[in-house]
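Chemist: 3D, please:
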Amino acid sequence: MIFKRVDHVEIVPRDPHVTIGFFVNILGFKIKSRTKVDMPPMQEVIFLELGDTVVEIISTQTPEQKSEAAWQVGYRAIALEVDDMTKAVNYLKAKGIPLAVEPVDLGDSYRAEIRDPDGLIIELRQWKR
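Modeler: Numbers count the residues shown, from 1 in each chain. Below you'll find the model as predicted:
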């Protein structure tokens, strides 16, 4: 097979420090690397990892605001698998993170949504294996 897997997902946040804090302090990601970049408007590239999932945070000067359209063309969400939806929801609520979409039973899984500090969708998925 030529293509093996998704290597990483890139996010351009409004405030990289807030986004990094959210992914590290709330979602449990670890900082893999931070590299200063002299390629305006890019300033820094930060790789965060959770298991075998990698998110690249790109710090830029004055990023443009994302459209608020719910169904715009483009990538829609990052999905994180959880072992126990109830525990994940209770943990997030205790951390002050509201649910954007309450958990629903889809038959083979449970699904909910939260938002990152910029309002980007993070899906939570518990598979019923």
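Chemist: in the longest helix along the chain, what counts as buried?
Modeler: Longest helix in the chain by number of residues, with DSSP state H as the criterion: helix 85-94. Across helix 85-94, burial judged by 16 or more other C-beta atoms under 10 Å covers Met85, Ala88, Val89, Leu92. (Each C-beta comes from the backbone N, C-alpha and C, glycine too.)
Chemist: Hmm, Leu106 and the first one touching each other?
Modeler: I take that to be Met85. No - Met85 sits out of contact with Leu106 when judged by C-beta atoms under 8 Å, with a separation of 11.2 Å.
Chemist: Which parts of the protein are helices?
Modeler: Using DSSP H, helices in the chain cover 16-21, 85-94.
Chemist: list the helices and strands the longest one packs on?
Modeler: Taking 3 or more C-beta pairs under 8 Å, 6 or more residues apart in numbering; DSSP states H and E as the contact definition, the neighbouring helices and strands of helix 85-94 are strand 101-105, strand 109-115, strand 121-127.
Chemist: What strands flank the second one, and is each parallel or antiparallel?
Modeler: Okay, so that is strand 109-115. strand 101-105 (antiparallel), strand 121-127 (antiparallel) (DSSP bridges).
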